[in-house]
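A.B. asks: let's see this in three dimensions:
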Amino acid sequence: MNKKKIVVLLSLVSLLPLSSCLENPFAGSIINYSSQQENISVTTKTSFADNKTDPFTNGTSYFKDIVSATGRYSPKTTGNIRLLVVPVVFQEDQSTYTSSSSTGKKVLADLNTTFFGTSSTTNYWESVSSFYDKSSYGKLNITGTVTDFVYTSKTLAYYSLLLSSKRVSSSTVITDGLAEGIYDNLFTGTSPKYKVSDYDGDQDGVIDLFWMVYMSPYSTSSDLLWAYTYWDSSSSYNSLSNYSWASYSFMYEGVATGSNAVDAHTFIHESGHQMGLDDYYSYDSSVNSTAHRYSRAPLGGNDMMDYNIVDHCSFSKYCLGWVTPTIGEKDHTYTLKPFAESGDCLILAKDFNGTCFDEYFIAEYYTPTNLNLLDSTIKYATSNVKGFSEAGIRILHVDQRLGKVSYNRTLGGWAWDGHYYDNVQPLVSSSSEYTIISSNTKEYCYDSSSYALVSLVQASGNTNLMQEKDNRTNHAVNADLFTPLSKVFGKDVFPNGTKADEGWSLDFYLSVDALTTAGATLTIH
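C.D. replies: I've put the predicted structure just below:
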């Protein structure tokens, strides 16, 4: 479930659509480069042989380092990290939620299972910890603590009035204050209950993962009673940065009442944001309210960072350092084992710069197994989307190139200089940064709004996912996976001569020679 503070292009008015969850930590608007009436400088890639063969040219932490320098701190994503879960009770419910009441005991036990349980103890799917252990192929181990209940000094009605009367600019002002109050209560004083070092697996002085789970049902009509991730930027709280905020009722969203099961989908998705991942669906509102046209869906819903379903895709896992993609070469044949179990994936590009911050295609052998199984079998509780129920090659088009943006006080927003940069070091500045130029949200693209951060290449030959539609059923289908019988990538789909965003075109095609339960055989011709 998602919520983000949208800053609309060329407008200083901030919107808070209830369909988004990643809050923007920067004030001011994004200024689309085309509005500055200058020429965009794009480097054209010319030679497939120029690809770097090491996909981690700048190390496996490069994604974390670049993203963290933009003000969205993320912890390390391999090894052991720590997570603190704080159950938050609004003043009027203090007598209901106590560590000794039956209601309180159940919620605390369910939170422990949701975040730290095993697959079997959830009685449904996965916990946050077990999901990330499997998704990372054992590379990320999350442990932590659910604290006792923390009580606010004010009622929910009080906080809601602050928002409705515009005494605060957004719900994050409230949750920043709550996070800071919790930090003071738990980590400071003469006898603090917890030590930052106990929740700082990478020992950088910042709590790795911080969660506040409020004891009220979520509401689609409330900015505060939703789920989102944000970053506290107060210089007075250097050990507090990334946090997520969500209702306890998300634990029961996909499970039957009285089943003694818990659902971690939303908590897994939001934790992905704390690790630096963006939302892969679009925040764009209806493009024409009269015609009821709806925004594009570049990935078609089928991803944990899209509609909260199935596993993370190869692009996300590459960013997080969990997979080491093979850089494809012409006239070579490759065997990819099922991605859900192996992490095998293949990069197809020209003049690849050796990092996840470039434009490229990435291919994986998708199977409806492991973390994909549940959501490929039944529809997730809050949507009509299922994961692919058949096996095939999923090819993603990634445009995660970096540009330099600076805050322009005259224009009142963040302006891109029109250039793309390869293999830069993180820029630590309050007024400038290297950031990702494309987004799956058109209004967040600094460059052309026809570009996307990551999109599904549809083997069916359709392009509907990148288009606004007349209804909300713009979802990926099994026919969008490549098989020996489907259209061919590089011939029928994205054929030779088709220009990538960066200006280069592929001079090869990829055949899917065979698909078996053991693996897929692919040849680059």
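
A.B. asks: Tyr159 reaches Asp223, doesn't it?
C.D. replies: No. Tyr159 is beyond contact range of Asp223, at 10.3 Å (criterion: C-beta atoms under 8 Å). C-beta coordinates here come from the backbone N, C-alpha and C atoms, glycine included.

A.B. asks: more neighbours, those two?
C.D. replies: Tyr159 (23 against 19; other C-beta atoms under 10 Å).

A.B. asks: the more buried one and Trp226, how far apart?
C.D. replies: Note on Tyr159: its distance to Trp226, by C-beta to C-beta, to the nearest Å, is 13 Å.

A.B. asks: can you check His525 too?
C.D. replies: For His525, the distance to Trp226 - C-beta to C-beta - is 49 Å.

A.B. asks: more crowded one of those two?
C.D. replies: Trp226 (23 against 13).

A.B. asks: pLDDT score for that one?
C.D. replies: With respect to pLDDT, Trp226 scores 95.

A.B. asks: I'd guessed it sits against Thr172; true?
C.D. replies: No. Counting by C-beta under 8 Å, Trp226 stays clear of Thr172, with 11.2 Å between them.

A.B. asks: give me the sheet partners of the strand ranked longest in the chain and which way each runs.
C.D. replies: Counting residues, the longest strand found in the chain (DSSP state E) is strand 79-89. Paired strands of strand 79-89, with direction, are strand 140-146 (parallel), strand 150-151 (parallel), strand 209-214 (parallel) (DSSP bridges).

A.B. asks: can you tell me which of these comes nearest to Pro338?
C.D. replies: Closest approach to Pro338 among those is made by strand 140-146 (19.9 Å; C-beta to C-beta).

A.B. asks: what about dumping the CA coordinates of that closest one to PDB?
C.D. replies: In PDB, the C-alpha atoms belonging to strand 140-146 read as follows (Å, rounded to 0.1, in the frame of the first residue of the first chain):
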ATOM      1  CA  LEU A 140      20.200 -10.400   4.100                       C
ATOM      2  CA  ASN A 141      19.400 -11.400   7.600                       C
ATOM      3  CA  ILE A 142      16.900  -9.200   9.400                       C
ATOM      4  CA  THR A 143      16.400  -9.500  13.200                       C
ATOM      5  CA  GLY A 144      14.900  -7.200  15.700                       C
ATOM      6  CA  THR A 145      12.400  -6.300  18.400                       C
ATOM      7  CA  VAL A 146       8.800  -5.400  18.800                       C
END
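
A.B. asks: what residues sit buried inside it?
C.D. replies: Residues 140, 142, 144-146 are the ones in strand 140-146 that count as buried (16 or more other C-beta atoms under 10 Å).

A.B. asks: of all those residues, which comes closest to Phe489?
C.D. replies: Among these, and counting by C-beta to C-beta, the member closest to Phe489 is Leu140, at 31.0 Å.

A.B. asks: next, the residue nearest to that closest one when sequence neighbours are not counted: phi, psi?
C.D. replies: Computed as C-beta to C-beta, 6 or more residues apart in numbering, the closest residue to Leu140 that is not its neighbour in sequence is Tyr132, at 5.0 Å. With angles defined as degrees, to the nearest 10, Tyr132 sits at phi -70, psi -30.
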